[in-house]
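Trainee: The sequence isn't on hand, but the structure is:
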């Protein structure tokens, strides 16, 4: 297949480019002039070129260039940095949807989502609900344009949630004390970002996932925060002091935070108090590790070893 990655120099995008090349697809990566003098992004794009990817000059400020880029491929995967709170990302995604509609040749489009399934978050707390509402606006535009799609819900990125033992405001394991959300027994789903990229590329070209939501929910990585802490304690040989915070006290923190921070805190609340990633059933034909059993996904026991 010919696969175009939009946002290929980003956190998840660079992994999707690599996964697409490894799957043997003819991989195209949008090169936006807006990178300006960002030498690291340019060098990353050139490294893709050396690996066999095709760099396609295109800009969201030049709609025709976007349409021309889309016309060159069969599949478009958007990996623009997530729909950030009150960002212009929504407008960019809608422009991309319109370019795909005008081009009229795309066999599959994957919008930039990859987190919690927004269709299940209609009752999410404000102000964080805006993130999910924006993603649903993009979905509505895709479906109204009759564009074949696959939505991917990848749950918790391990880099942000596993290494920190799901503590906020850090990316590495705490050394002495950890705060548990409630009793710490609510299940979440932790997934290595390289595995997410592999599953995304496989789903993007799989006829079984046409016009479906695919959930990345590897069974060995469905874990509570307390289980993650216990895994780290076993690996590190250190027992952490455990403090618990109630849902009421957790939400009370909102009053002292800015808008974006309140949004993020609300997402944490839904994951670790509501269990929004695991409080519903997923059929086998919607779950990535069942669809692609050949992928040897990273267990969190192994993932945490990088922090030792």
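Mentor: Yep, that arrived. Since we're looking at a predicted model, the values are computed, not measured.
Trainee: what's around residue 147, how many residues?
Mentor: When neighbours are counted by other C-beta atoms under 10 Å, residue 147 registers 20. C-betas here are computed from N, CA, C, even on glycine.
Trainee: residues in contact with it?
Mentor: Counting by C-beta atoms under 8 Å, 6 or more residues apart in numbering, residue 147 touches 97, 100-101, 106, 109.
Trainee: Of these, which belong to strands?
Mentor: Members of the contacts of residue 147 lying in strands (criterion: DSSP state E): residue 109.
Trainee: TSV please, covering the contacts of residue 147 and showing distance to residue 47.
Mentor: Putting these into TSV (distance: C-beta to C-beta, whole Å) gives the following:
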residue	distance to residue 47
97	29
100	27
101	32
106	27
109	26
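Trainee: Among the contacts of residue 147, find me the one that's closest to residue 240.
Mentor: Checking the contacts of residue 147 against residue 240 with C-beta to C-beta, the nearest one is residue 109 at 43.7 Å.
Trainee: so what's that closest one bridging to?
Mentor: Note on residue 109: beta-bridge partners residue 76, residue 149, judged by DSSP bridges.
Trainee: confidence score at it?
Mentor: Looking at residue 109, its pLDDT is 98.
Trainee: quick one, what contacts it?
Mentor: 75-78, 97, 100, 142, 147-150.
Trainee: how about 10 Å then?
Mentor: 4, 70, 75-78, 96-97, 100-101, 142, 145, 147-151, 204 (C-beta atoms under 10 Å, 6 or more residues apart in numbering).
Trainee: Could you do residue 23 as well?
Mentor: Residue 23 neighbours (C-beta under 10 Å, 6+ apart): 1, 3, 198, 201-202, 204-205.
Trainee: how about those in JSON lines, adding distance to residue 305, pLDDT and secondary structure?
Mentor: Shown next, in JSON lines, are these (distance: C-beta to C-beta, whole Å; pLDDT from 0 to 100; DSSP: H, G, I helix; E, B strand; the rest coil):
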{"residue": "1", "distance to residue 305": "35", "pLDDT": "94", "secondary structure": "coil"}
{"residue": "3", "distance to residue 305": "32", "pLDDT": "98", "secondary structure": "strand"}
{"residue": "198", "distance to residue 305": "20", "pLDDT": "98", "secondary structure": "helix"}
{"residue": "201", "distance to residue 305": "26", "pLDDT": "98", "secondary structure": "helix"}
{"residue": "202", "distance to residue 305": "26", "pLDDT": "98", "secondary structure": "helix"}
{"residue": "204", "distance to residue 305": "30", "pLDDT": "98", "secondary structure": "helix"}
{"residue": "205", "distance to residue 305": "32", "pLDDT": "96", "secondary structure": "coil"}
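Trainee: Return the member of the residues you listed nearest to residue 251.
Mentor: Within these, the smallest distance to residue 251 is 36.2 Å, found for residue 198 (C-beta to C-beta).
Trainee: That closest one: neighbouring residues, count only.
Mentor: Residue crowding around residue 198 was assessed by other C-beta under 10 Å; the count is 25.
Trainee: which non-adjacent residue is nearest it?
Mentor: Leaving aside its sequence neighbours, residue 198 sits nearest to residue 19 (C-beta to C-beta, 6 or more residues apart in numbering; 4.8 Å).
Trainee: Find the helix or strand that the one you found is a member of.
Mentor: helix 13-22 (DSSP states H and E).
Trainee: next helix or strand past that helix?
Mentor: Downstream of helix 13-22, the first helix or strand assigned by DSSP H and E is strand 26-31.
Trainee: on contacts alone, who are the packing partners of that following strand?
Mentor: Where contact means 3 or more C-beta pairs under 10 Å, 6 or more residues apart in numbering; DSSP states H and E, strand 26-31 is packed against strand 2-6, helix 13-22, helix 39-50, strand 54-57, helix 63-71, strand 75-78.
Trainee: Can you tell me which residue is spatially central in this protein?
Mentor: The structure's the chain has its C-alpha centroid closest to residue 114; by C-alpha atoms, centre = their mean the separation is 3.0 Å.
Trainee: Look up how far residue 78 lies from that residue.
Mentor: Per C-beta to C-beta, to the nearest Å, residue 114 is found 10 Å from residue 78.
Trainee: Likewise for residue 150?
Mentor: For residue 150, the distance to residue 78 (C-beta to C-beta) stands at 11 Å.
Trainee: Quickly list what's touching both of these two.
Mentor: Joint contacts of residue 150 and residue 78 (C-beta under 10 Å, 6+ apart) are 109-111.
Trainee: Between the contacts of residue 23, which sits nearest residue 119?
Mentor: Top of the list for closeness to residue 119, among these and by C-beta to C-beta, is residue 204 at 19.2 Å.
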